[in-house]
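[1] Sequence first, then the predicted structure:
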There are 2 protein chains.
Amino acid sequence: MAARTNPIPSVWARRQREPDQPSLSRDGIVREAIVMLDAEGIEALSMRKLATRLNAGATSLYRHVATKDELMELAVDEVFGEITLPPADRPDWRAAATEAAQAFRATALRHPWLSSVLGQAGLAYLGPNLMSYGERLTAFFTAAGFPEPVRAIDTLISYVVGMSTTEAAWLTTVARSGETEAAFIARLMPAAQEATAGFEHLADAYAVAAADPDPAAARDTKFAYGLEVVLDGLALRLPR
Amino acid sequence: MAARTNPIPSVWARRQREPDQPSLSRDGIVREAIVMLDAEGIEALSMRKLATRLNAGATSLYRHVATKDELMELAVDEVFGEITLPPADRPDWRAAATEAAQAFRATALRHPWLSSVLGQAGLAYLGPNLMSYGERLTAFFTAAGFPEPVRAIDTLISYVVGMSTTEAAWLTTVARSGETEAAFIARLMPAAQEATAGFEHLADAYAVAAADPDPAAARDTKFAYGLEVVLDGLALRLPR
DNA sequence: CGTCGATGCGAACACTGTACGCATCGCGGA
DNA sequence: TCCGCGATGCGTACAGTGTTCGCATCGACG
């Protein structure tokens, strides 16, 4: 670090530790990967591009991460850490479940690549943040008096995962088009009309959906509707 | 095929139409792709390997299919065609919905790669078989008197998709290990115990699940439980 | 000062999806 | 009979991918 007076050229070639980029670290790699995934989508993430962003050589990443799949596992668990749950002593299980479900959906939509990874790997990651999410959710349902709390949360998060991943995939398609959601729907309508020709119920449904001026709000209420359905069904399982 | 006596070399070089392999066709390509996907998983499917299986050159496929993504779309819609729905005049909406849900799950488990594709592309494919599935499902709920049949089926298939894709991803992981499901679970237990250390509810749940002698049956009842929950919730939306 | 484990990285390998241009085919018209 | 012509097959090539290997360099410790 001290200025050496030695004129040997190798001095200039010698790598100097950059203070703002404290070399490579597992966490740094994962974090930058998430930034890239959010910004450019899952198919744009390559080890080489990621390394370039970190001012590193492509293969240096493999000192901190065994494989790209492992990197994705770490990224998934990292974003699961974003999900904030209500405090454990919340008395109203229904409000708590609603909050938990909506928090999950919010992060799934904030990181649309998540649905791709879940489709390939499922929820079997065993990462600490996912574990803690499951644990706290189970605690809510146990405290509420559910006889089979694990079954209950499996049902709930199946719904949440199914709706959120479908939604995220849709939003990814929209984003790739570069248009607003409403504009994309409008452009899609001719194809949809042709595809639903002969299917009267669907044709109606598509027409109604396409006429909605605020698609994002429509998705919100659609999610909320299904969530209420599931919670109603679960409430019937409560003793008394 | 017949032994020609003409010694001109070009005769032997001339391509002979194989009768059993009636050259390339879009349907044939899609069908063989599905066979490969089922047998070796989604990451094993490459255009070159698929072409080799069809006794074709790699780039010949592009005469019938614009891109690999398009091929996957076609494959997805093809397997949606496998889903058999109960006859439309079935009076009991609940039985019909159960059958439809179970049929979906069955094909999702028979073609585990489907969940990967759905994670990336969602259900926005507009393929004819998917359309017809949606149409007939909507018809059931409309006939049953649901005020918002589209909302109802969105909720139902969100649950079904969420549970089925998670299950399919799990089964893929198991299959890659080459072990039976029970053996794989047994081998996973140490890691799971470590991962759930400090999470008492989860630790219990994992221990109980690992002790089950028939994991496949356990998955069946888990799916059925959640399905009943959703249908109960939906039943509350029926007038009267 | 010398050594050692950890870290970074350039080159290379085996693949991938796909664009391009040429060869070949069966067929309809002159 | 011959000629063209559109459809089909395919060899080559390109730009990229994840990952392995072996070498260079580093900071810390004896």
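    The structure has been received and is ready for your questions. Residues are numbered from 1 along each chain as shown, chains lettered A, B, ... in the order given.
[2] The top helix by length along chain A near DNA strand C anywhere?
    Ranked by residue count and defined by DSSP state H, the top helix of chain A is helix A:149-177. No. If you take C-beta under 7 Å from any atom of the strand as the test, helix A:149-177 misses DNA strand C, and the best it gets is 14.0 Å. C-betas here are computed from N, CA, C, even on glycine.
[3] between that helix and helix B:149-177, how many degrees?
    Relative orientation of helix A:149-177 versus helix B:149-177 (axes from the mean of the first three to the mean of the last three C-alpha atoms, to 10 degrees): 100 degrees.
[4] which element follows helix A:149-177 toward the C-terminus?
    Sequence order places helix A:181-195 as the next helix or strand after helix A:149-177, per DSSP states H and E.
[5] Just the buried positions in that next one, please.
    A:181, A:184-185, A:188, A:192, A:195 (16 or more other C-beta atoms under 10 Å in any protein chain shown).
[6] Next: stretch A:219-229.
    In stretch A:219-229, counting by 16+ other C-beta under 10 Å, buried: A:219, A:222-223, A:226-229.
[7] give me the subset of the residues you listed touching chain B.
    A:222, A:226, A:228-229 (C-beta under 8 Å from any C-beta of the partner chain).
[8] export those residues to TSV and tack on distance to DNA strand D and pLDDT?
    Listed next are these as TSV, based on distance: C-beta to the nearest atom of the strand, whole Å; pLDDT from 0 to 100:
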residue	distance to DNA strand D	pLDDT
A:Lys222	35	98
A:Gly226	35	98
A:Glu228	41	98
A:Val229	40	98
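[9] Can you tell me which of these end up in helices?
    A:222, A:226, A:228-229.
[10] Near A:Pro86, how many other residues are there?
    16 (other C-beta atoms under 10 Å in any protein chain shown).
[11] correct me, but it touches A:Glu99?
    Yes. Applying C-beta atoms under 8 Å, one finds A:Pro86 in contact with A:Glu99, separated by 4.9 Å.
[12] quick one: the residue of chain A found nearest DNA strand C and A:Met72, what's the gap?
    Per C-beta to the nearest atom of the strand, the residue of chain A with the smallest distance to DNA strand C is A:Gly57, at 2.8 Å. Per C-beta to C-beta, to the nearest Å, A:Gly57 is found 21 Å from A:Met72.
[13] Neighbour count for those two, which is higher?
    The neighbour comparison of A:Gly57 against A:Met72 (other C-beta under 10 Å) goes to A:Met72, with 23 against 11.
[14] For the more buried one, which non-adjacent residue is spatially closest?
    Among residues not flanking A:Met72 along the chain, A:Val117 sits closest, at 5.5 Å (C-beta to C-beta, 6 or more residues apart in numbering or on different chains).
[15] tell me which element that neighbour is part of?
    helix A:113-121.
[16] Quick check: which helices or strands does that helix pack against?
    helix A:68-80, helix A:93-110, helix A:149-177, helix B:113-121, helix B:149-177 (3 or more C-beta pairs under 8 Å, 6 or more residues apart in numbering or on different chains; DSSP states H and E).
[17] Indicate whether that helix makes contact with DNA strand D.
    No. Using C-beta under 7 Å from any atom of the strand, helix A:113-121 stays clear of DNA strand D, coming no nearer than 13.0 Å.
[18] What mean pLDDT does that helix get?
    Mean pLDDT, helix A:113-121: 93.
[19] Quick one: distance of that helix to the chain centre.
    8 Å (C-alpha atoms, centre = their mean, to the nearest Å).
[20] Next secondary structure after it?
    With elements assigned by DSSP H and E, the helix or strand that comes after helix A:113-121 is helix A:128-144.
[21] Find the closest residue to chain B in chain A.
    A:Gly119 (2.1 Å; C-beta to the nearest C-beta).
[22] so how far is B:Val230 from the nearest residue to that residue once chain neighbours are set aside?
    The shortest distance from A:Gly119 to any non-neighbouring residue, by C-beta to C-beta, 6+ apart, is to B:Gly119 (2.1 Å). Here the distance between B:Gly119 and B:Val230 works out to 21 Å (C-beta to C-beta).
[23] What of A:Arg240?
    Counting by C-beta to C-beta - A:Arg240 and B:Val230 are separated by 22 Å.
[24] Looking at the two, which is more packed in?
    Taking other C-beta under 10 Å, A:Arg240 and B:Val230 do not tie; B:Val230 has more neighbours (28 against 3).
[25] Now do the contacts for the more buried one.
    By C-beta atoms under 8 Å, 6 or more residues apart in numbering or on different chains, the residues touching B:Val230 are A:155, A:159, A:229-230, A:233, B:155-156, B:159.
[26] Could you export those as a markdown table, including distance to A:Leu171?
    Shown next, in a markdown table, are the contacts of B:Val230 (distance: C-beta to C-beta, whole Å):
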| residue | distance to A:Leu171 |
| --- | --- |
| A:Thr155 | 25 |
| A:Tyr159 | 18 |
| A:Val229 | 23 |
| A:Val230 | 22 |
| A:Gly233 | 27 |
| B:Thr155 | 19 |
| B:Leu156 | 22 |
| B:Tyr159 | 20 |
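[27] Let me know the closest of those residues to B:Phe80.
    B:Leu156 (15.9 Å; C-beta to C-beta).
[28] circling back to that earlier point, tell me which of the ones next to chain B among the buried residues of stretch A:219-229 is nearest to B:Ala66?
    The nearest member of these to B:Ala66, counting by C-beta to C-beta, is A:Lys222 at 32.1 Å.
[29] which residues does the closest residue to the closest one other than its chain neighbours contact?
    Residue nearest to A:Lys222 in three dimensions, not counting chain neighbours: B:Asp154, with 6.1 Å by C-beta to C-beta, 6+ apart. In this structure, B:Asp154 makes contact with A:163, A:222, A:225-226, judged by C-beta under 8 Å, 6+ apart.
[30] Pull the contacting residues for A:Leu126.
    A:Leu126 neighbours (C-beta under 8 Å, 6+ apart): B:191-192, B:195.
[31] and the residues you listed as TSV, adding distance to DNA strand C and pLDDT?
    Shown next, in TSV, are the contacts of A:Leu126 (distance: C-beta to the nearest atom of the strand, whole Å; pLDDT from 0 to 100):
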residue	distance to DNA strand C	pLDDT
B:Ala191	23	89
B:Ala192	28	91
B:Ala195	24	90
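[32] shaky segments in chain A?
    Within chain A, the stretches with pLDDT under 70 are A:1-22.
[33] Mind doing that once more with 50?
    Along chain A, the model assigns pLDDT under 50 to residues A:1-20.
[34] Nearest spatial neighbour of the residue nearest the centre of it, chain-adjacent residues omitted?
    Compute the mean C-alpha point of chain A, and by C-alpha atoms, centre = their mean the closest residue is A:Ala108, 3.2 Å away. Using C-beta to C-beta, 6+ apart and skipping the chain neighbours, the partner closest in space to A:Ala108 is A:Ser164 (3.9 Å).
[35] and the gap between that neighbour and B:Ser116?
    16 Å.
[36] what's the answer for A:Met47, then?
    21 Å.
[37] ok, back up a step: tell me which of the helices and strands packed on helix A:113-121 sits nearest to B:Phe80.
    Using C-beta to C-beta, the helices and strands packed on helix A:113-121 put helix B:113-121 closest to B:Phe80, at 8.8 Å.
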